[in-house]
Every structure is written in structure tokens, then in C-alpha cells.
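**Q** Using only what follows, build the 3D model:
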Amino acid sequence: MAFITPPSSPSYEFDRGAEDSEYCSHSSSSSDSFSDDDLQGSESTDDNVPLSGTHAFIEKLLTRQYPSGDAILRVASGYEINSDYFDQHGFESPILIPSIRGLNLTLPSDGITIDDVLRLVGSDVMVSVINVIEQEDEQMTLGEFVRYFKGFRMKTLNLLSLEFSQYPLSRVVGPPAIVKEISWTCNAWPEQTPESVISRPNVARYCLISPEGAYTDFHVDFGGTAVWYHIVKGAKLFFLIPPTTANLSTYEQWIRLPNRREIMFSSLVSKCYKCQIKAGQTVFLPTGWIHAVYTMEDSLVFGGNFLHWYSVDRVISVYELERRTNTPEKYLFPHLELSCCYAARRLVVEATAVLATGGCILPHLIAAARALLNSIPKWLRRDDTLKEKLKLGPEPVNHSKLVSSLSKLLKRIDADEASQIEKESAPLKIKIKVPPPSHITEERKTVKPLKIKLNSAKDSPQSKKAKSEFTQKKVTPIKIRLPTNPNIDEDALLNDISHKDSEFVYPLLEHESAPDIKDKAYNPGSKIRGLKPREKQPKRNKAKKIIPELGIAIKSEEAKIIPPPKKEKPVVIPKEESTIEKSTVLPTAKSSSSVMVTKCKKPRKGMATVKQRLSKKLKMGTGHLPYV
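**A** Purely as a prediction, here's the structure:
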């Protein structure tokens, strides 16, 4: 499998704060930058510094103390590994599968050997091998390498990049089912057609043949891809470093140094874990993990790389690192930008369908959509290469429409999240059903009186002071000067005196003179009675009463003539409503003469009755009313 070998830039940006807290225990105040002298001084000050890949370097690496990989490895069975497992647990830590049962890994039932690989691939196929001691690439045929592997070895050669998807070996060896389920190459890329100018990336099937003592220095797999790794024969020792912000920044500065082979990268980070993978076991490495591999025994390994939905932001970060460092084309993931565009199109289609049915989008897919929306427009503005690939790909894609639809999807997701948060933050409304009065029993009708217990407050310092002053104050008694009148009986006076001196006498208090009277407690409910019963007022003798009828008759006789009513303008009244004028005779007390009173339909206010009219007249007169 390919890995990063050229130097890289010192300005690496990678925001994985949650992983920093999970895997790193170093202080945040430590500097992320270092000088070449610091790097060299951390290893050795000798002139003969061992280089990576040499026996001295490997021996020094193996003798260092590293924490066990059990602290970071997740152990699971092959039956557990599926998309639901990754949706629940994520894909941030390496996963170790002890057995291939349930993993659905395609392998011959009777096993496979290096000779089978040579037969199914072909002896004339050119392969690229790595000279471990020199850390340089060499080209040879697969047949030559197999003869070297079986014969006398003058040097250590490591075969890491035999991709066999185009050979008959792919029919007997295949990746696990989970790789086919979540890989962008298998799901996001359109179907290949003969007219397609750009072919689908084939990076999921690699064969690795390594002799004992082979060593691959610390690296990150190309394009930030994840790795599946199954050992058929032999054993491998992995040195794993988590992809934290500090570790990746240190890695970028280390890899761009010209003398990086003299520096052991594991000595520059806070934590490096060591774990051994044996024959029959499978390991999954997540995106961005920095790792080195040492071959403990002659090994035959099948593995591969794949892009997935669980760490898209880290994939893009590693790809940008490769671009900044001018990584050669053969070490890059083929058509990674185009793969991201196809993944974005697939994400828009499926997410829109889920939202239309009332479903919700998983958090890692939302994070993937944001990372793609932040990167694809930048790639389109940078040059026209991606635009041409979108036109020449298996299915032409309108780049403007792709960005617009991805932006609309995120806006819709944000709106749904905002509405959900608003609903959750809304106050809870509780409806209480009150039964009608007919259902209220007699017991419930009776209202118990409210009992309030008043606690007597303690006296404040001011009140205590006032009381003490009042009690200590001397009360001056009332002094009465003795009279000098000789006619006053002094003995009788002395009976009413409680005390006297040469000048004054002190009168006896009222309660002292009447000791038989006792004070009673105050009772607010007692009735207050007067000291004497109320006397009846005597009636006036010869009280005169006015007879109203006689006064009216006398006053009318004095007037003699009642003034005729004022002439009013005739008013037209309907027949139904017209009334006949009636005459009323008012008899007097002593005379049989009668007075004719005309009654109108709507008299003025205060003139409706005879009494009202006569009272008006009487008030105008000057005579006195007769009394009887």
C-alpha cells in the first residue's frame, strides 16, 4: 500500500479537539513547533546516528518501552462489524477482529500461498518494491521477487503495492463485506462504461509480501484513507499514534526535514502504542492514524484502502497536506476530488429522500456534508481540472448545481435543528381537568380553615435598649399641696390619702379604694353596654298635623281661578295611538265643588299627576297651610 514519503509543509491545520482529549495526555502549553537542533538532540549527539530501516535503528525501536495497544484497540467479532456498528460507535479507534468468521472476507477455504499469488497474477507483472535499508523504490517482476523471497537474501526487499483487482487473484480474494458497504468507490462512483475516460479507483485489493526484518517507517496512508489488513501467514508489529492536532502537526514538521531518517518519530509524541497482529487476525485502521510496521516473520498479507463517511474532514485535511508537500502522483489517491464530488451527489440524493419521509440525518453525515461544501467550491475555483473531470467522468455532473443542492440540504437540516431546539426549549404546558360542581362531594365542598402559626420575633437590639431605659427610668409621683382652708376636715381628707409628707399629700388610687372590683381579661366578643338605659323622649302636647287635602282645597279656593293650559300646536297622532282626553274630579274635604283637570298624553317632567301639579302651584303661593 502506498504511503507519504516526500517532505511536507509546517502549517498543518486539523481540528480534532475531542480526539486530543481522548488520546493525548500532554500539556496544551507545549509548543507544536520545534527546530532541527531539537529534533536531532532528542535522538543522539553522536556522528554515527542510525538511519531508519537499518538494523541499529530497528533494534533501538524495538527496545524502547511503549504502552500496549490494548488501551486503544477495540476487539469485536466479524458478525458485529457492519454499518450499524460504525453508526453507533464511530470509526475513530483501530478495530481488531480475532477471526474471519462472520467478516465475510473472501479467501480460499484451503488457504493460499505465495506460489498461488504468482500463478494468479503472473510472473511478468512489474511490481515496485522497497529497499528497507536504503528506503528507496526498486522495480522488478513478480517472478523475480518470488525467487528472491524463496532464495538467499542479500538485502531486505518489501513488496507493499501489488494491486490485483485486474487479475484472476481478485476472484478468490476479496475485501470484507463492510468495506463494500461503506466504501465510496463501491457506492458513490457511477457504473463504469466503455466510453468512460476516467476509470474508477481500484485501491481496495492489495497483496503484501514481506520478509522477516522488513520495516516501514511512520506514515499516513494516502488520501487519509482507512485500511483493512488481514494476515494470512506470519506476524506484524504495529506502532500506532493517534491523529490528534499536536501529533499531526509534529508529523508534518518531521516529514519535511531532510534528515528525518535520523530521527525516530515515536520519540517526538506523547503516546505511541505497540500491538502485535498474528496470522488469522484482521485489523481496521481509521483515517489519519500515523503508524509504522515491523515484520516479525515472513508474512503474506491482504489488505486495502477505502474512503468512507465517518471522517470526511480528516480525509480532506490529509489530501491538502499532500498537495502542499507536492507529493508525487503515484502516492496520491486517484481522483480524490472527483470521488468527493460523487460522494456529495450521493449524499444529497439520499438525505433528501430521508427528510421527505420525515426521517433524520445521522450526525456524521451532516459533518461530511459540511466538510464537502467547504472544500468543493475551493477546488473548483483553484483550477479547471475538477470541472473537466466532472464532464469526462462516467456520469457528467453540473458542478454549480451540485454545490447549490448541497448548500440547500444543509440549510434545510439547520432549519430543522433550530425548530427542534425551539420545541425542546418551549415551556411545558400542563392541562388540569377540573370536574364539574355536580361531581364534588360534600367532603370536598367543606373548606378547611387556613392555619397560620405566627412565630414571635425576637426583640431587636434597639427594642431591648428602649425597654431597659424605660424600666430604669424613675417615675415621678403626683404631688398635691395641702390646702390651707381651716374649714376642711383633715381627718376625712386623710382617709383618701395614701401618703403625705411635710409639703405634699399623695392621693389614693381608685382601684386601691375599691379593692372588691377586679379587672377582667379583654374579650373582643363582649358587648359594650351603656352606663344608663336610654330614656324615652316625651311626646309634645297638642302636636298639630297638617291635612294635605284640606290645605290643597283652601289654596285652590284662594287662587279661585286655575289658569287655562297653554295652547300647544296640534300634533297629528295616528288613530291607533290617539287617546281620548279624560276629566278628573278632585273632591275637597268641606266643599262639594270639583276641579276639572285636563290630562295630556305626554306631560312635562314633574307634572304627570294631580299631586305633582298642585304641589308646584302651592310652592308658588304665599299663604300658610292650615293646621288641625
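**Q** pLDDT below threshold where in the stretch 151-300 of the chain?
**A** For the stretch 151-300 of the chain, applying pLDDT under 70 flags the ranges 194-195.
**Q** ok, now with 80
**A** Within the stretch 151-300 of the chain, the stretches with pLDDT under 80 are 192-197.
**Q** likewise the stretch 351-500 of the chain?
**A** Residues of the stretch 351-500 of the chain that meet the criterion pLDDT under 80 lie in 420-500.
**Q** what's near enough to touch W189?
**A** W189 is in contact with 200-201, 339, 342, 394, counting by Cβ atoms under 8 Å, 6 or more residues apart in numbering. Placement of C-beta: from N, CA and C, glycine included.
**Q** In a strand, it, correct?
**A** No. Secondary structure of W189 (DSSP: H, G, I helix; E, B strand; the rest coil): coil, not part of a strand.
**Q** counting contacts, what elements does the helix or strand where I231 lies pack onto?
**A** Assessed by DSSP states H and E, I231 sits inside strand 226-233. With contacts taken as 3 or more Cβ pairs under 8 Å, 6 or more residues apart in numbering; DSSP states H and E, strand 226-233 sits against strand 273-278, strand 282-285, strand 299-306.
**Q** and the ones you listed as JSON lines, adding distance to Q253?
**A** Shown next, in JSON lines, are the helices and strands packed on strand 226-233 (distance: least, Cβ to Cβ, whole Å):
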{"stretch": "strand 273-278", "distance to Q253": "21"}
{"stretch": "strand 282-285", "distance to Q253": "23"}
{"stretch": "strand 299-306", "distance to Q253": "25"}
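**Q** Nearest to V132 among these would be which one?
**A** strand 299-306 (13.5 Å; Cβ to Cβ).
**Q** Other residues contacting that closest one?
**A** Here strand 299-306 has contacts from 1, 107, 112-114, 117, 173, 175, 179, 182-185, 203-210, 221-223, 225-236, 333, using Cβ under 8 Å, 6+ apart.
**Q** Buried ones from those, can you make that a PyMOL selection?
**A** The PyMOL selection below is limited to those of the contacts of strand 299-306 classed as buried (16 or more other Cβ atoms under 10 Å):
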select buried, resi 1+112+114+117+173+175+179+182+183+184+185+203+204+205+206+207+208+209+210+221+222+223+225+226+227+228+229+230+231+232+233+234+235+236+333
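**Q** Return the subset of the contacts of strand 299-306 lying in helices.
**A** Of the positions in the contacts of strand 299-306, 114, 117, 179, 182, 184-185 sit in helices, assigned by DSSP state H.
**Q** which among those gets closest to L409?
**A** Nearest to L409 among these is W184, at 17.8 Å by Cβ to Cβ.
**Q** Note down every partner strand of the strand holding I231 and its orientation.
**A** Strand 226-233 has its sheet partners listed here by DSSP bridges as strand 282-285 (antiparallel), strand 299-306 (antiparallel).
**Q** List of residues touching stretch 151-162?
**A** 1-3, 117, 121, 125, 127-133, 138, 142, 145, 148, 206-211, 213-216, 295.
**Q** Show me what counts as buried in stretch 351-368.
**A** 351, 361, 364-366, 368.
**Q** Hmm, G280 and A235 touching each other?
**A** No. Judged on Cβ atoms under 8 Å, A235 makes no contact with G280 at a distance of 10.4 Å.
**Q** now the strands for the stretch 51-200 of the chain?
**A** Remark: strands assigned in the stretch 51-200 of the chain by DSSP state E, counting those that start in this stretch are 74-75, 95-97, 126-131, 136-141, 157-163.
**Q** closest one to Q420 among those strands?
**A** Proximity to Q420 (Cβ to Cβ) singles out strand 74-75 among the strands of the stretch 51-200 of the chain, at 31.4 Å.
**Q** Tell me which other helices or strands that closest one touches.
**A** Using 3+ Cβ pairs under 8 Å, 6+ apart as the contact criterion, the neighbours of strand 74-75 among helices and strands are strand 95-97.
**Q** Quick one: mean pLDDT for the strand it packs on?
**A** Mean per-residue pLDDT for strand 95-97: 95.
**Q** picking up where we left off before, only the buried members of the contacts of stretch 151-162: can you turn that into a ChimeraX selection?
**A** This is how ChimeraX selects the buried members of the contacts of stretch 151-162, with burial counted by 16+ other Cβ under 10 Å:
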select :1,2,3,117,121,127,129,130,132,133,142,145,148,206,207,208,209,210,211,213,214,215,216,295
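**Q** Export the strands paired with strand 226-233 to JSON lines and append columns for mean neighbour count and distance to K605.
**A** What follows is the strands paired with strand 226-233, written out as JSON lines (neighbours: other Cβ atoms under 10 Å; distance: least, Cβ to Cβ, whole Å):
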{"stretch": "strand 282-285", "mean neighbour count": "22", "distance to K605": "107"}
{"stretch": "strand 299-306", "mean neighbour count": "23", "distance to K605": "106"}
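**Q** For N326, which of these is the nearest?
**A** Among the strands paired with strand 226-233, the nearest to N326 by Cβ to Cβ is strand 299-306 (21.1 Å).
**Q** can you give me the angle the helix or strand that comes right after that closest one makes with strand 226-233?
**A** As assigned by DSSP H and E, the chain's next helix or strand after strand 299-306 is helix 312-324. Using axes from the mean of the first three to the mean of the last three Cα atoms, to 10 degrees, the inter-axis angle of helix 312-324 relative to strand 226-233 is 90 degrees.
**Q** Name the residues of helix 312-324 that come out as buried.
**A** Of all the residues in helix 312-324, those buried under the rule 16+ other Cβ under 10 Å are 312-322.
**Q** Also stretch 412-421?
**A** So, applying 16+ other Cβ under 10 Å, buried residues of stretch 412-421: I413.
**Q** same deal with stretch 102-122?
**A** Residues of stretch 102-122 classed as buried: 102-106, 112, 114, 116-118, 120-121 (neighbour count, 16+ other Cβ under 10 Å).
**Q** now, which of those residues sits nearest S407?
**A** N104 (37.8 Å).
**Q** so the closest one sits right up against N82, yeah?
**A** No. At 9.7 Å, N104 does not count as touching N82 under the criterion of Cβ under 8 Å.
**Q** what residues do these two have in common as contacts?
**A** Shared contacts of N104 and N82 (Cβ under 8 Å, 6+ apart): 177-178.
**Q** Give the other helices and strands that the longest helix seen in the chain contacts.
**A** Assignment by DSSP H gives helix 399-425 as the longest helix of the chain. The contact analysis (3+ Cβ pairs under 8 Å, 6+ apart) places helix 399-425 against helix 336-356, helix 363-382, helix 385-392.
**Q** would you turn those helices into JSON lines with distance to S77?
**A** Formatted as JSON lines, the helices and strands packed on helix 399-425 follow (distance: least, Cβ to Cβ, whole Å):
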{"stretch": "helix 336-356", "distance to S77": "29"}
{"stretch": "helix 363-382", "distance to S77": "23"}
{"stretch": "helix 385-392", "distance to S77": "41"}
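**Q** How far does stretch 126-146 stretch from one end to the other?
**A** Start and end residues of stretch 126-146 are separated by 12 Å (Cα to Cα, to the nearest Å).
**Q** ok, and what's touching it?
**A** Stretch 126-146 is contacted from outside by 51-54, 114-115, 117-118, 121-125, 148, 155-162, 209, 213-217, 261, using Cβ under 8 Å, 6+ apart.
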